[in-house]
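**Q** build me a model:
(one chain, ligands or ions: 1)
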Amino acid sequence: MKHLLLISTGGTISCLKDTDGSLKPALSGSALANEVPELKALCSLSVLPLFELDSTNVQPEEWVTIAEAVNQNLDRYDGIIISHGTDTMAYTAAALSFILQNVKKPVILTGSQHPITEPDSDGRKNLPDAARVAAASDFPGVYIVFDGDIIKGTAASKIDTKHNHAFQSITEPRAGCVRSDGAVVFENPIPVTSQPYTFCPKLNPNVLLLKLYPGFRPEILSSLILPGKEPIYPAVILETFGAGGIPFHNRNLLPVITSLIAADVRIYCKSMCLYGGSDLSVYEVGAEAEKAGVKNLGNITTETALAKIMWELGQKS
Ligand code: ASP
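**A** Numbers count the residues shown, from 1 in each chain. As a prediction, this is how the structure comes out:
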């Protein structure tokens, strides 16, 4: 029987109703495991209660704390499960995918839309499914397991605030699934590599993420450079229109982008559309942005774009 570690971090799966009726993370890992007796038949499970946070309160510092807990325990377990709130789970999954470079064991994030103490909670399926995938261990890497889907840590976005199918694999087909009979099927796994595992936890959280919209004013970008001071953000990710358009007619953004780049601020772009990614060569509004020095992140989720740039900046400091 495989030996797995459950690292609990909070989220709806662990919530109880507070006196005002709002949901508040309260149950730690062993209480979660006790709610799902089925887990005992699937694996030998140890528990590490890390924190009890709504994932709204999970920030880059918590990504590093989670990554350190994984890194310290990798040698002792066949796989790691992380219970986590759904709201920022895709950000954490993306960050762990960069921090735990070429990890050789499964690191599986899961959670639920309904507290596990509710009899029909989706957590009662998601937690054992995560254990099934972690115990299968044929395909190492960081994944989200949710509502039967196995999704690469760099491909997921939360797409629904209510229904059990909260996550979708956006930038590529899902990695696999857990069938209703419990069989784990990999369809598009993270390629297994002979590159060594490296723990790279340095992040620079000073990345600004902005979504363009009709009427967006260039002044907001000018305010990032204060005379005689370092830029507030060394990198900006713009969620741009369609295949990557940045306005240059009314409210022309290109002059301020040019001055930010001259001040050593990196300007990245990605499409605000969920599917298809950006290609700056398609339209003049993209080609002009590229000439101004905007770097295209291509087909990438917002969550992965943010984690990737924070991680890349961190490697340089
Ligand atoms: N607000 C919760 C969280 O992200 C939502 C959930 O877990 O489904 O922690």
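
**Q** state the pLDDT value of S137.
**A** If you check S137, the pLDDT there is 76.

**Q** what's near enough to touch it?
**A** Counting by CB atoms under 8 Å, 6 or more residues apart in numbering, S137 touches 2, 78-79, 105-106. The way it works is simple: take the backbone N, C-alpha and C, and place the C-beta from them, glycine included.

**Q** do the same with I116
**A** Neighbour list for I116: 13-14, 27, 32, 35-36, 123-124, 127 [criterion: CB under 8 Å, 6+ apart].

**Q** summarise which helices and strands the helix or strand where A134 lies is packed against.
**A** Secondary structure assigned from DSSP states H and E places A134 in helix 123-136. The contact analysis (3 or more CB pairs under 8 Å, 6 or more residues apart in numbering; DSSP states H and E) places helix 123-136 against strand 3-10, helix 29-35, helix 39-42, strand 79-83, strand 106-110, strand 141-146, strand 176-178, strand 184-186.

**Q** smallest gap between the stretch 51-200 of the chain and the ligand, at which residue?
**A** G85 (2.0 Å; CB to the nearest ligand atom).

**Q** can you pick the most crowded of the contacts of I116?
**A** Neighbour tally across the contacts of I116 (other CB atoms under 10 Å): the maximum, 31 neighbours, falls on S14.

**Q** okay, that residue: pLDDT?
**A** At S14, the pLDDT value in this model is 98.

**Q** check D129 too.
**A** As predicted, D129 sits at a pLDDT of 98.

**Q** which residue, other than its chain neighbours, is closest to it?
**A** V178 (4.3 Å; CB to CB, 6 or more residues apart in numbering).

**Q** buried residues of the lowest-mean-pLDDT helix or strand in the chain, list them for me.
**A** When the helices and strands of the chain are scored by mean pLDDT, DSSP states H and E, helix 219-222 comes last with a mean of 94. Of all the residues in helix 219-222, those buried under the rule 16 or more other CB atoms under 10 Å are L221.

**Q** contacts for it?
**A** 210, 236, 253, 256-257, 259-260.

**Q** make it 10 Å
**A** With contact meaning CB atoms under 10 Å, 6 or more residues apart in numbering, helix 219-222 is reached by 208, 210, 236, 238, 251, 253, 255-257, 259-260, 265, 267.

**Q** which of those sit farthest apart?
**A** R251 and V265 (19.2 Å; CB to CB).

**Q** these two: which is more packed in?
**A** The neighbour comparison of R251 against V265 (other CB under 10 Å) goes to V265, with 21 against 13.

**Q** distance-wise, check the closest residue to the more buried one other than its chain neighbours relative to L209.
**A** Closest residue to V265 apart from its sequence neighbours, by CB to CB, 6+ apart: P231 at 4.8 Å. Distance from P231 to L209, counting by CB to CB, to the nearest Å: 15 Å.

**Q** what's the answer for S112, then?
**A** From S112 to L209 the distance is 27 Å (CB to CB).
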